[in-house]
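Enquirer: what shape does this take:
(one chain, ligands or ions: 2)
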Amino acid sequence: MMIKWESGVLIEHRGTRIILDPPSKNPRCRVAFITHAHADHSSAFRDNKISKFSSEETMSLVVVDGVKAREWQPLKVKEKVMMDDFEVTPHHSGHVLGSYEFEIATPEGTVLFTGDLNTRSSRTIKPADPIKCDVLVLESTFGSPSFVFPPDEIVAKGMIEWASRSLKEGKVPVFRADSLGNAQEVIRIFNEDTNIPVVSHWRVSKINRVYEAYGYRMKYFDIRSEEAYDLISRRNAIIVAPKRLESTYHPDFISALVSGWALRFKGTSFPLSDHADFPSLMEFVSECGPKIVLTCHGGGFSSILAKYVEKNLGIKAYPVNLIPTNFSLSSPFLKKS
Ligand SMILES: [Zn+2]
Ligand SMILES: [Zn+2]
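Expert: Ligands and ions are numbered 1, 2, ... in the order given. Alright, predicted model coming up:
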């Protein structure tokens with residue numbers, strides 16, 4: 001089988017082709033598997049012609065952004081889909097609502113494509129399942145040894161302390177987080193561990209409503225409501241807002257970034273992440289036991305992570321976009337084309 005980067009990760013065997021999380025159109029491939037709803041993974045939903053497979057949750061999250069899901073088929077965890085010689089099985093990837101990793105069984109071995117991955121269990125999502133495979137296509141967002149996240153509970157405590165202190169000083173704490181994933185985690189942290197009311201930016205509320213539709217309980221006031229206005233004027237709420245939103249709109253607002261990138265951010269920030277950190281990525285590789293690791297979605301970190309996988313785990317590894325990989329079970333060690 002051939003695995004290569006061609007506007008997405010393309011897997012090909014005897015004329016059957018599937019593409020995973022394509023960021024742009026690929027005219028050679030008519031079937032796409034989509035791991036989750038974040039925009040850098042789900043743009044195939046904007047291509048009306050390609051057949052799309054994803055979880056129902058992923059589709060619902062994309063639809064609230066105004067996309068019409070055509071040519072789409074739902075996938076359920078551990079339910080196989082056959083496609084000629086390919087058998088595709090989704091598993092939890094632990095990242096955001098409805099996020100999957102895909103196990104692709106072929107006559108020439110099994111590939112696991114992780115999409116974005118988190119191996120810690122969070123307040124909203126079950127952790128990623130390690131799956132035995134021959135080829136592991138691994139995301140590398142935090143694929144460098146300097147990325148080691150503190151325990152989530154310690155981060156949550158820090159967030160609550162900062163918010164309580166700010167409110168006492170008459171400031172309204174604004175947590176800037178990814179609207180899908182981290183925003184809902186922040187809401188659950190304050191719902192479960194405090195009595196502080198939560199006000200949610202309308203872009204976050206839109207996503208909250210999808211979580212609620214799938215049975216996740218969340219207490220918040222939409223920022224456009226009268227209750228929210230009242231709570232903010234009494235300095236009695238935190239605000240959860242999208243990451244990129246400017247926070248200089250009010251002199252009494254004080255903002256903090258919530259993201260794994262907090263480890264490299266100078267301002268007030270909390271390293272709560274929906275990705276695996278470097279040690280967790282390495283552990284995940286060991287648990288999957290692949291013959292080869294192809295790294296992706298990490299920019300420069302893809303090659304750094306590959307280097308460490310080779311050095312520390314003794315498994316052949318390189319970025320998937322470096323060179324096409326012709327993998328066969330009879331001679332797994334790199335018939336490069
Ligand atoms: Zn993501
Ligand atoms: Zn991503």
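
Enquirer: hey, let's count contacts and neighbours off CA atoms from now on
Expert: Fine.

Enquirer: strands of the stretch 51-200 of the chain, residue ranges please.
Expert: 51-55, 72-75, 81-83, 86-92, 100-106, 109-113, 135-139, 172-177, 198-200 (DSSP state E, counting those that start in this stretch).

Enquirer: burial of N312, as a residue count?
Expert: One way to gauge burial is a neighbour count; for N312, by other CA atoms under 10 Å, it gives 9.

Enquirer: my bad, should have said R28
Expert: By other CA under 10 Å, 11 other residues sit near R28.

Enquirer: tell me the SS of it?
Expert: Using DSSP: H, G, I helix; E, B strand; the rest coil, the three-state assignment for R28 comes out as coil.

Enquirer: and K311, which of the strands of the stretch 51-200 of the chain is closest to it?
Expert: Ranking the strands of the stretch 51-200 of the chain by distance to K311, with CA to CA as the measure, places strand 135-139 first at 16.5 Å.

Enquirer: dump that closest one to CSV, restricted to CA.
Expert: Taking C-alpha atoms only, strand 135-139 is exported to CSV below (Å, rounded to 0.1, in the frame of the first residue of the first chain):
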residue,chain,number,x,y,z
VAL,A,135,1.9,2.1,10.4
LEU,A,136,1.1,4.9,12.8
VAL,A,137,0.3,8.3,11.3
LEU,A,138,0.7,10.5,14.3
GLU,A,139,-0.1,14.2,15.0
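
Enquirer: tell me the helices and strands packed up against it.
Expert: Using 3 or more CA pairs under 8 Å, 6 or more residues apart in numbering; DSSP states H and E as the contact criterion, the neighbours of strand 135-139 among helices and strands are strand 109-113, strand 292-296.

Enquirer: just those strands: most buried one?
Expert: Comparing these by mean neighbour count (mean count of other CA atoms under 10 Å), strand 292-296 comes out on top with a mean of 27.

Enquirer: which stretches of the stretch 101-250 of the chain form helices?
Expert: Counting by DSSP state H, counting those that start in this stretch, the stretch 101-250 of the chain forms helices over residues 152-168, 182-193, 202-213, 226-233, given from the N-terminal end onward.

Enquirer: do you know how far the residue nearest to E6 when sequence neighbours are not counted is from K49?
Expert: Excluding its sequence neighbours, the residue lying closest to E6 (CA to CA, 6 or more residues apart in numbering) is N26, at 7.3 Å. As judged by CA to CA, to the nearest Å, N26 and K49 stand 11 Å apart.

Enquirer: can you give me the end-to-end distance of stretch 47-66?
Expert: Distance between the two ends of stretch 47-66: 14 Å, counting by CA to CA.

Enquirer: hmm, back to that, more neighbours: which of N26 and K49?
Expert: Of the pair N26 and K49, N26 is the one with more neighbours under other CA under 10 Å, namely 18 against 14.

Enquirer: was I right to think that one contacts S7?
Expert: Yes: when contacts are counted by CA atoms under 8 Å, N26 is listed as touching S7 (5.9 Å).

Enquirer: skipping its backbone neighbours, what lies nearest F149 in space?
Expert: That would be D277: by CA to CA, 6+ apart, it lies 6.2 Å from F149.

Enquirer: my read: that neighbour touches F142, true?
Expert: Yes: because the distance of 5.5 Å satisfies CA under 8 Å, D277 is recorded as touching F142.
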